[in-house]
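> Sequence first, predicted model second:
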Amino acid sequence: MGFNTVAVHGGFKDESKGAVNYPVYLSSTFVQPDTEHEGEYCYTRGNNPTRASVERQVADIEGAKYALATSSGMAATSLVFELLNKGDKVLINDNVYGGTWRFVSNLFEKRGLEYEVVNDLNAYDFSKVDSSVKMVFVETPSNPLLEVTDIRRVVTEAHKKNILVVVDNTFMTAYLQKPLDLGADIVEYSATKYYAGHSDLLAGLVVLNDEEIYKRLKFISNTLGGILDPFDAFLLQRGIKTLGVRMDRHLENTIKIAEYLEGNDAVEEVFYPGLKGHGGYELQKTQAKGAGAVLSFKLNTKDYDLHTFVEKLHIFDFAVSLGGVESLICRPATMTHESYAKELQEKIGITPNLLRLSIGIEDVEDLIEDLDNAFKQSKK
Ligand SMILES: Cc1ncc(COP(=O)(O)O)c(C=O)c1O
């Protein structure tokens, strides 16, 4: 069956009443069969039918055995990091979501964990790592500079050393990229973004095939409690039904905008792996069906005023986040990636004139006109 059919029909069927949408089970607790046995559902922190339904739907679109739905993308990342033990080390690519960086750089030390920031995992020499390295955490394309990491290479090299490969696939979704099929061990998401798709909820997902790791994660999630609530699980399930059609439109709009920006005098550089001139263009095509709908660019601030440019936009909202139907613009240096030290920002290229766009599903002519007007009005 095709992706959209699975997305629309995935999850549980409502056998009792025949509702085409699986109901929201707003119940914290469930009646148990007898004093000796536990029913399928006992307490919502551990399991809830609506959450289980969206977890089934996600596992199905990913072609995976298991999925866990969490209260946010960061809850998914935290859950995955709970697999680590004192003394373990993580390799992490150098431009990841700012919240992931905040976790690693602020909370690892007191947990007795270590990390190594890797500038380019495509060139990284895995033969030199010692046995403390237990996980490699990859976000590809990266955030906000859209660098592409070769998932197959990382998997091959990491597995030689028994290192777990985790991919944050938020920018791609299973519609465009399936890291588990490329050999990764765990895929995680901020489902707040494309999966939910409408900027109206926070959610996270952890997807995997390994039963033993799944059981550990399920135990930890029930223990820590960062689970997705039933109502948001319902909304997430609804969002996923239209993921494929939304992504098609997101992609169609994004390439047109990337090409428009590339030829523009107001723009110093465009970062989008769907453009032929991008260093990761060919690699991206080997591991994903599209380049996604997030792109960044450096404004030519010698001739254009950044604050006026942002102020004069009327369709693009100035806000963090991405993956919703509406187009957004943000400034990573002071917003999504403000947790990076200034020197690190500079080193990896998160400059003050870098702007990140999340391209929505509006009419692309209107989006280009909005950018065009704002460029004209911000010319010094
Ligand atoms: C790539 C990526 N991973 C993880 C997260 C964290 O997700 P959440 O905001 O749902 O906690 C985000 C949020 O922006 C993100 O962009």
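Arrived safely, thanks for sending.

> How much space separates residue 319 from the ligand?
Note on residue 319: its distance to the ligand, by Cβ to the nearest ligand atom, to the nearest Å, is 11 Å. All C-beta spots, glycine's among them, are computed from the backbone N, C-alpha and C.

> The residue in the stretch 101-250 of the chain that the ligand sits nearest to: what's its closest spatial neighbour, skipping adjacent residues?
Scanning the stretch 101-250 of the chain for proximity to the ligand using Cβ to the nearest ligand atom identifies residue 190 as nearest, at 2.9 Å. Counting by Cβ to Cβ, 6 or more residues apart in numbering, residue 73 is the residue found nearest to residue 190 once chain neighbours are left out, at 2.6 Å.

> Kindly report the same for residue 230.
Counting by Cβ to Cβ, 6+ apart, residue 230 lies nearest to residue 50, which is 4.2 Å off, once chain neighbours are set aside.

> what about the one you found, distance to the ligand?
Shown here: residue 50 relative to the ligand, a distance of 19 Å by Cβ to the nearest ligand atom.

> Show me which residues of this structure sit near the ligand.
Taking Cβ under 6 Å from any ligand atom as the criterion, the neighbours of the ligand within the chain are 72-74, 97, 99, 139, 143, 168, 170, 190, 192, 202, 204, 321.

> at 5 Å instead, please
Of all the residues in the chain, those in contact range of the ligand (Cβ under 5 Å from any ligand atom) are 72, 73, 74, 97, 168, 170, 190, 192, 202.

> Hmm, the residue of the stretch 101-250 of the chain closest to the ligand is touching residue 71, no?
No - under the criterion of Cβ atoms under 8 Å, residue 190 lies out of contact with residue 71, with a separation of 11.3 Å.

> so what pLDDT did residue 348 get?
As predicted, residue 348 sits at a pLDDT of 89.

> picking up where we left off before, is the residue nearest to residue 230 within a helix or a strand, and which one?
Applying DSSP states H and E as the criterion places residue 50 in helix 49-62.

> Doesn't residue 175 belong to a strand?
No - the assignment for residue 175 is helix, going by DSSP: H, G, I helix; E, B strand; the rest coil, so no strand is present there.

> Report how many residues lie close to the residue nearest to it when sequence neighbours are not counted.
On the basis of Cβ to Cβ, 6+ apart, the spatially nearest residue to residue 175 that is not a chain neighbour turns out to be residue 247, at 4.7 Å. Look at residue 247: counted by other Cβ atoms under 10 Å, it has 24 neighbours.

> Please tell me I have it right and the residue nearest to residue 230 contacts residue 235.
No - contact status for residue 50 versus residue 235: not in contact, 10.0 Å apart, counting by Cβ under 8 Å.

> that older thread, on contacts alone, who are the packing partners of the helix holding residue 50?
The elements that helix 49-62 packs onto, with contact taken as 3 or more Cβ pairs under 8 Å, 6 or more residues apart in numbering; DSSP states H and E, are helix 3-9, strand 66-70, helix 173-176, strand 204-208, helix 230-241.

> I'd like to know which of those lies nearest to residue 54.
Distances from residue 54 to each of the helices and strands packed on helix 49-62 were compared by Cβ to Cβ, and the smallest falls on helix 230-241, at 4.3 Å.

> Report the buried residues of the closest one.
If you call a residue buried by 16 or more other Cβ atoms under 10 Å, then helix 230-241 has these buried ones: 230, 232, 233, 234, 235, 236, 237, 239, 240, 241.

> is it true that residue 197 touches residue 245?
No - if you go by Cβ under 8 Å, residue 197 and residue 245 don't touch, sitting 10.2 Å apart.

> residues in contact with whichever residue of the stretch 1-150 of the chain sits closest to the ligand?
Nearest to the ligand in the stretch 1-150 of the chain, going by Cβ to the nearest ligand atom, is residue 73, at a distance of 2.2 Å. With Cβ atoms under 8 Å, 6 or more residues apart in numbering as the criterion, the residues that contact residue 73 are 97, 99, 170, 188, 189, 190, 191, 192, 193, 202, 203, 204.

> With residue 155 instead?
With contact set as Cβ under 8 Å, 6+ apart, residue 155 has these partners: 165, 182, 183, 184.

> Starting from the helix or strand hosting residue 165, tell me which strands it pairs with and how they run.
Assigned by DSSP H and E, residue 165 belongs to strand 164-168. Here strand 164-168 has these sheet partners by DSSP bridges: strand 133-139 (parallel), strand 186-190 (parallel).

> C-terminal to the helix or strand bottoming out on mean pLDDT in the chain, what's the next element?
Among the helical and strand segments of the chain, the one scoring lowest on mean pLDDT, DSSP states H and E is helix 342-348, with a mean of 89. Sequence-wise, the next helix or strand beyond helix 342-348 is strand 354-358, with elements assigned using DSSP H and E.

> how about the next helix or strand after that next one: buried residues?
Secondary structure here is assigned by DSSP H and E; on that basis, the next helix or strand after strand 354-358 toward the C-terminus is helix 364-378. With burial defined by 16+ other Cβ under 10 Å, the residues of helix 364-378 counted as buried are 364, 367, 368, 370, 371, 374, 375, 378.

> residue contacts, the fifth one?
For residue 371, the contacting residues are 257, 260, 261, 313, 316, taking Cβ under 8 Å, 6+ apart as the criterion.

> what kind of secondary structure is the fourth one in?
In terms of secondary structure, residue 313 is coil; the call rests on three-state DSSP.

> which residue packs closest to it, ignoring adjacent ones?
Closest residue to residue 313 in three dimensions, ignoring its sequence neighbours and counting by Cβ to Cβ, 6+ apart: residue 374, at 4.7 Å.

> Give the burial count for the residue nearest to residue 268 when sequence neighbours are not counted, as a bare number.
Counting by Cβ to Cβ, 6+ apart, the nearest residue to residue 268 once its immediate chain neighbours are dropped is residue 298, at 4.1 Å. The criterion is other Cβ under 10 Å. On that basis, residue 298 has 16 neighbouring residues.

> Mind listing residues that contact the helix or strand encompassing residue 298?
With secondary structure defined by DSSP H and E, residue 298 is part of strand 294-299. Around strand 294-299, the neighbours that count as contacts under Cβ under 8 Å, 6+ apart are 141, 143-146, 171, 254, 257-258, 261, 266-272, 306, 309, 322, 332, 351, 353-359.
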